[in-house]
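Engineer: Okay, here's the prediction I keep looking at, along with the sequence it came from:
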Amino acid sequence: MEQKTKNVSALSNEMRNSYVLNQITEAMVELLKEKEMSNISISELCDKAQIGRTSFYRNFESKEEIIEFIIERKIDEWDSSRDKEKEEGISQFFGQLTGHLKENEEFYLLLEKRGLLHLLLNVLLKKTGPTNEDSNVWAYTKSFIAYGMFGWLQTWISRGMQESAEEMTQLLLSSGYKK
């Protein structure tokens with residue numbers, strides 16, 4: 001009896017993995033709406049996502065890593081869609097970033113409610129923070145900007161994101177920040 005191997009394309013593996021990632025991330029957000037992160041077990045998350053524990057651990061090491069993945073994906077989608085050609089400085093970048101956060105207000109307010117906004121800082125540092133290749137002065141400058149930007153955003157989010165993105169940009173400019 002001759003055994004035949006199945007022809008499985010790389011695309012089907014990508015599609016399967018994409019499905020698993022979406023299931024995990026959607027389940028995590030739904031569970032966070034109901035309870036604190038510390039009260040969510042990996043088993044409960046896997047049951048809600050309708051995946052096995054092996055699939056979870058193939059993709060993530062922790063529940064916090066899922067949230068960072070969601071934030072990173074949202075920021076990457078925003079970054080790839082924004083108009084970088086017309087960007088004229090940090091204030092315009094900041095305005096576009098606050099616009100993204102405002103569009104995803106429910107998610108970021110949920111992170112604030114559950115005490116998980118520090119994971120936004122982790123992603124901001126990963127994307128804009130210092131690297132080992134940076135000179136000291138550039139590393140310090142990037143840290144100052146990333147932590148300052150996070151502090152500004154954290155306060156805005158914790159106060160309920162009352163202002164629009166345009167108002168936040170105007171507040172930044174009125175505080176003495178130059179375009």
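Structural biologist: Now that the structure is in, tell me what you want to look at.
Engineer: all contacts plus neighbour counts: C-alpha atoms, from now on.
Structural biologist: Will do.
Engineer: Relative to Ala49, how far out is Thr128?
Structural biologist: Thr128 sits at a distance of 32 Å from Ala49 (criterion: Cα to Cα, to the nearest Å).
Engineer: pLDDT at Ser135, what is it?
Structural biologist: Predicted confidence (pLDDT) for Ser135: 97.
Engineer: just Gly89 next, same as before
Structural biologist: 75.
Engineer: What of Thr5?
Structural biologist: 53.
Engineer: Where does pLDDT dip in the protein?
Structural biologist: Applying pLDDT under 70 to the chain picks out residues 1-11, 83, 85-88, 177-179.
Engineer: which residues touch the residue nearest in space to the middle of the chain?
Structural biologist: By Cα atoms, centre = their mean, the chain has its centre lying nearest to Ile71, at 1.0 Å. Going by Cα atoms under 8 Å, 6 or more residues apart in numbering, Ile71 touches 120, 123.
Engineer: element containing it, please.
Structural biologist: Assessed by DSSP states H and E, Ile71 sits inside helix 63-81.
Engineer: Which element is encountered next along the chain beyond that helix?
Structural biologist: The helix or strand immediately downstream of helix 63-81 is helix 90-103, counting by DSSP H and E.
Engineer: ok, and what's touching the helix or strand following that following helix?
Structural biologist: Counting by DSSP H and E, the next helix or strand C-terminal to helix 90-103 is helix 105-113. If you take Cα under 8 Å, 6+ apart as the criterion, helix 105-113 is touched by 32-33, 101, 117, 157-158, 160-161.
Engineer: Could I get the full set of helices for this protein?
Structural biologist: Along the chain, the stretches classed as helices by DSSP state H are 10-34, 42-49, 53-59, 63-81, 90-103, 105-113, 118-128, 136-158, 165-174.
Engineer: Lovely, talk soon.
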